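Participant: got a sequence here, can you build the structure:
(one chain, ligands or ions: 1)
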Amino acid sequence: MSTPRSADYDAIADRILAQADRLASCSEGPRDITRTFLTPAMADAHGLLSQWMRDAGMTVRCDVIGNLVGTLPADASCAAGQTPRRLLLGSHIDTVRQAGRYDGVLGVLVAIAAAAQIARTARRVSVDVIAFCEEEGVRYRAPFLGSRAIAGSFDLALLSRADDGGVTMAEAIRSFGGDPDRIDDCSYRGETLIGYVEVHIEQGPILELASEPVGLVTSIAGQRRASIRFAGAAGHAGTVPMAVRRDALVAAAEFVLATEELARETTGMVATVGTIEVAPGASNVIPGEARCSLDLRHQHDEIRDRGFAGLRETAERIAGERSLGVTWTDTDRADAVPMDAELTAMIDAAAGGGLPRLASGAGHDAMVMASLCPTSMLFVRCAGGISHNPAEAVLAGDVARALEVVVSMLHRVEEEASIG
Ligand SMILES: [Zn+2]
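Facilitator: Next comes the predicted model:
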């Protein structure tokens, strides 16, 4: 049974957008939105969110790393005799520098609003809304700290890492009121979890191009990165004839075009050469060396790996044809993380069916949570696909639709719990 769309959702969506505006003022600077891990700005955000969670009927706690968790407990009478089960909702509340106001925050606010919709009904399932303290990796150059603590995969070696001001992570956690010696306490491992569902702005243009307000994520794309160095011969721009040149930059240029061509011809692939360094780097000198980066992503690891290997062959062919040397160095690799098909199908069915599906090119806490429990993501259309930018924007109607989908899912989870 899907919940009929009511005008209430539009009013609540307006309130969510107003809340996002208020959270935007929780910033390290007065003129932009910058809210990094365990800063006073984050404490300010916790103040507002705690109040909103309580208003929604939840009990609120901050775990020892700094995740804010609102809980809507199952009713003791409903859950009697059954293993208590828990559904997790959430997203992150830290930001990049000079951020927009919806990346992360929107998912937390929609989750709180959705929980409020079921707060007064009988419940067999507990619902936790988690405002993850760290996803972007800004302060300690390590992402997903909050979700890794929750998923039980936090790397304790990070605790001794210092920020730009020389404050170690352990010190930062202590001064925020947490306890770096008990990070394990944050973990939900061993709990009976139904799953984790994250609402997030799309950060890309796919939903906008399809005129769809929301969509379900199939998979979070993996990526491979490489550094490629073409080595030729520097020479005088005025005296070396074209026929005998060994110009490394021209080879790199050919490689950039081949990379673009491959990605354009391969559905779902994106590939970027984001940097080129040329040496010696003078207007009257033939480039003797060109070093470029490659970032290649696809939601299917085999397709990505095939493309990556193909580009390596292409780089070698280009170098061979131009009598250059080439050195290829793999620098990074992360496999794709598929979302849980059953949970995703359940959300779709609860919402009335037919929600569009799309892959995520960006990383999310959901990648980490997928190692803990069935995980699914709902993307909300954002204007122009713009994110990590003050110009981030969403439509109230789209937020209302996301809320409606999540509330429908919560009702469906309850129905299934009452059967099984
Ligand atoms: Zn985000």
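Participant: flag every residue of this protein that's near the ion.
Facilitator: Counting by Cβ under 5 Å from the ion, the chain comes close to the ion at 103-104. Where you see a C-beta, it was placed from the backbone N, CA and C, and this is true even at glycine.
Participant: pLDDT weak spots in the chain?
Facilitator: 1-7, 78-83, 420 (pLDDT under 70).
Participant: all helices for it, in order.
Facilitator: Taking DSSP state H to define them, one finds helices in the chain at 7-24, 40-55, 76-79, 105-118, 145-151, 169-175, 206-209, 248-265, 301-321, 341-350, 365-369, 396-419.
Participant: where do the strands sit along the stretch 101-250 of the chain?
Facilitator: Secondary structure of the stretch 101-250 of the chain by DSSP state E, counting those that start in this stretch: the strands cover 125-132, 193-201, 214-220, 222-231, 235-236.
Participant: please report how far residue 314 lies from the ion.
Facilitator: The gap separating residue 314 from the ion is 34 Å, by Cβ to the ion, to the nearest Å.
Participant: which residues touch that residue?
Facilitator: 255, 258, 262 (Cβ atoms under 8 Å, 6 or more residues apart in numbering).
Participant: nearest to residue 174, of the strands of the stretch 101-250 of the chain?
Facilitator: strand 125-132 (19.5 Å; Cβ to Cβ).
Participant: buried set for stretch 310-318?
Facilitator: Judged by neighbour count (16 or more other Cβ atoms under 10 Å), stretch 310-318 contains these buried residues: 311-312, 314-315, 318.
Participant: related to what we said a few turns ago, so which of the contacts of residue 314 is the most crowded?
Facilitator: residue 255 (24 neighbours; other Cβ atoms under 10 Å).
Participant: shouldn't residue 368 be in contact with residue 148?
Facilitator: Yes - contact criterion Cβ atoms under 8 Å: residue 368 and residue 148 qualify, at 5.5 Å.
Participant: can you give me the buried ones in stretch 329-342?
Facilitator: Neighbour-count burial for stretch 329-342 flags 336-340 (criterion: 16+ other Cβ under 10 Å).
Participant: inside strands: which ones of those?
Facilitator: Secondary structure from DSSP state E places 337-338 of the buried residues of stretch 329-342 in strands.
Participant: quick one: which of the buried residues of stretch 329-342 is nearest the ion?
Facilitator: residue 337 (14.8 Å; Cβ to the ion).
Participant: that closest one against residue 218, yeah?
Facilitator: No - Residue 337 is not in contact with residue 218 according to Cβ under 8 Å; the separation is 10.5 Å.
Participant: mind giving me the domain split of this protein?
Facilitator: The chain breaks down into these domains under automatic domain parsing: 7-220+337-419, 225-334.
Participant: what is the end-to-end distance of the shortest one?
Facilitator: Which is domain 225-334. 9 Å (Cα to Cα, to the nearest Å).
Participant: residue closest to the middle of this structure?
Facilitator: Compute the mean C-alpha point of the chain, and by Cα atoms, centre = their mean the closest residue is residue 364, 2.3 Å away.
Participant: for whichever residue of the stretch 301-420 of the chain sits closest to the ion, give me its contacts.
Facilitator: Closest to the ion within the stretch 301-420 of the chain is residue 364: 6.1 Å, counting by Cβ to the ion. Residue 364 makes contact with 91, 135, 198, 200, 220, 377, according to Cβ under 8 Å, 6+ apart.
Participant: gap between the residue lying closest to residue 408 once chain neighbours are set aside and residue 174?
Facilitator: Excluding the flanking residues, the one nearest residue 408 by Cβ to Cβ, 6 or more residues apart in numbering is residue 350, at 4.2 Å. Computed as Cβ to Cβ, to the nearest Å, the residue 350 to residue 174 distance reads 42 Å.
Participant: who has more neighbours out of those two?
Facilitator: Legend: neighbour count by other Cβ under 10 Å for residue 350 and residue 174, higher for residue 350 (22 against 15).
Participant: got the contact list for the more buried one?
Facilitator: Neighbouring residues of residue 350 by Cβ under 8 Å, 6+ apart: 2, 405, 408-409, 411-412.
Participant: specify which member of the contacts of residue 314 is nearest to the ion.
Facilitator: Distances from the ion to the contacts of residue 314, taken by Cβ to the ion, are shortest for residue 262, at 28.3 Å.
Participant: thought the closest one was touching residue 312?
Facilitator: No - between residue 262 and residue 312 there is no contact under Cβ under 8 Å: 11.5 Å.
Participant: ok, the residue in the stretch 151-300 of the chain that the ion sits nearest to - how many residues close by?
Facilitator: Nearest residue of the stretch 151-300 of the chain to the ion, counting by Cβ to the ion: residue 200, 5.7 Å away. Other residues near residue 200 come to 27 when the count uses other Cβ under 10 Å.
Participant: ok, now residue 152?
Facilitator: The burial count for residue 152: 16, using other Cβ under 10 Å.
Participant: and if you look at the one 5 residues further on?
Facilitator: Neighbouring residues of residue 157 were enumerated by other Cβ under 10 Å; the total is 8.
Participant: all further residue positions should be reported with the first residue as 170.
Facilitator: In the new numbering, first residue 170, that becomes residue 326.
Participant: and it, how far is that from residue 337?
Facilitator: Counting by Cβ to Cβ, the gap from residue 326 to residue 337 is 12 Å.
Participant: what of residue 375?
Facilitator: In this view, residue 375 and residue 337 are 40 Å apart by Cβ to Cβ.
Participant: kindly report the same for residue 419.
Facilitator: Counting by Cβ to Cβ, the separation of residue 419 from residue 337 is 48 Å.
Participant: do the same with residue 240
Facilitator: As judged by Cβ to Cβ, residue 240 and residue 337 stand 30 Å apart.
Participant: go on, residue 501?
Facilitator: 26 Å.
Participant: buried residues in stretch 333-342, which are they?
Facilitator: Applying 16+ other Cβ under 10 Å to stretch 333-342 flags 337-342 as buried.
Participant: ok, back up a step: next, the contact list for the residue of the stretch 320-469 of the chain closest to the ion, please.
Facilitator: 260, 272-273, 275-276, 533, 535, 546-549.
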